[in-house]
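Participant: with the input below, show me the fold.
(2 chains)
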Amino acid sequence: KAGVTQTPRYLIKTRGQQVTLSCSPISGHRSVSWYQQTPGQGLQFLFEYFSETQRNKGNFPGRFSGRQFSNSRSEMNVSTLELGDSALYLCASSFGGGDHYEQYFGPGTRLTVT
Amino acid sequence: AQSVAQPEDQVNVAEGNPLTVKCTYSVSGNPYLFWYVQYPNRGLQFLLKYITGDNLVKGSYGFEAEFNKSQTSFHLKKPSALVSDSALYFCAVRDYNAGNMLTFGGGTRLMVKP
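Facilitator: The predicted model follows:
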């Protein structure tokens, strides 16, 4: 079974631009979560989508948004990029909406904002 | 609010010796606990989880973890370390009513020396 895939793997953007990251979950998984990883703040939860609905949201500004499609694929958008948005963005998928299901992570998208 | 602490930034062990990576947690309800490992330029790989039942959980690559409710700890262990175990290890907690939102510890770098 194929794992979680994320595209693109690397991205360089300029301050003020916007960016869209894509995540394809493991086949059959309905939950997709997004995390930001930085050296200073570590791993922080952005949001979770389950069956096309946002179920949880972390403590990030409204510039960070996402959505999930009917095939469970998810996109994350960051508008008006800031230097501090430079990070590894990880997507994770899970079969269910909680309980005992573990999450499986993709390789991440490395975003650099200059 | 849920939180996780990994008190050691780095753990050094000799190959063949037992290893322990420490983790303590705080949640309002029953915890779901996870360990993940991250190799350079990779996403997180799932190692093991505690949901309920036996306090000693066995996972991938010979790792195990011991859940201790009274001490709110979930330490990762391995009887005999390998050089290839050198990586970044993350402990994570999920509250039973928080969907798939994981809260991660700061990570512990494990260095296994030949």
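Participant: number of nearby residues for residue 70?
Facilitator: All of this is about chain A. The number of residues packed around A:S70, counting by other CB atoms under 10 Å in any protein chain shown, is 7. Yep, even glycine has a C-beta here, placed from its N, CA and C like the rest.
Participant: right idea, wrong chain: chain B
Facilitator: B:S70 has 5 neighbours, counted by other CB under 10 Å.
Participant: okay, it: pLDDT?
Facilitator: You'll see B:S70 listed with a pLDDT of 93.
Participant: again with B:N30
Facilitator: 83.
Participant: next, count neighbours for it.
Facilitator: 11.
Participant: and if you look at B:A5?
Facilitator: 14.
Participant: state the distance from it to chain A.
Facilitator: Distance, B:A5 to chain A, by CB to the nearest CB, to the nearest Å: 12 Å.
Participant: dig out what that residue forms beta bridges with.
Facilitator: B:T24 (DSSP bridges).
Participant: list the contacts of it.
Facilitator: When contacts are counted by CB atoms under 8 Å, 6 or more residues apart in numbering or on different chains, B:A5 is found next to B:C23, B:T24, B:Y25, B:G105, B:G106.
Participant: nearest to A:R63 among these?
Facilitator: B:G106 (25.0 Å; CB to CB).
Participant: burial measure for that closest one, as a count.
Facilitator: Neighbours of B:G106 under the rule other CB under 10 Å: 15.
Participant: was I right to think it contacts A:G42?
Facilitator: Yes: with contacts counted by CB atoms under 8 Å, B:G106 reaches A:G42, the gap being 5.1 Å.
Participant: where does chain A dip in pLDDT?
Facilitator: Residues of chain A that meet the criterion pLDDT under 70 lie in A:1, A:97-99.
Participant: up against chain B, what does chain A have?
Facilitator: Within chain A, the residues that sit near chain B (CB under 8 Å from any CB of the partner chain) are A:4, A:31, A:33, A:35, A:42-45, A:48, A:50, A:55-56, A:58, A:90, A:92, A:94, A:97-108.
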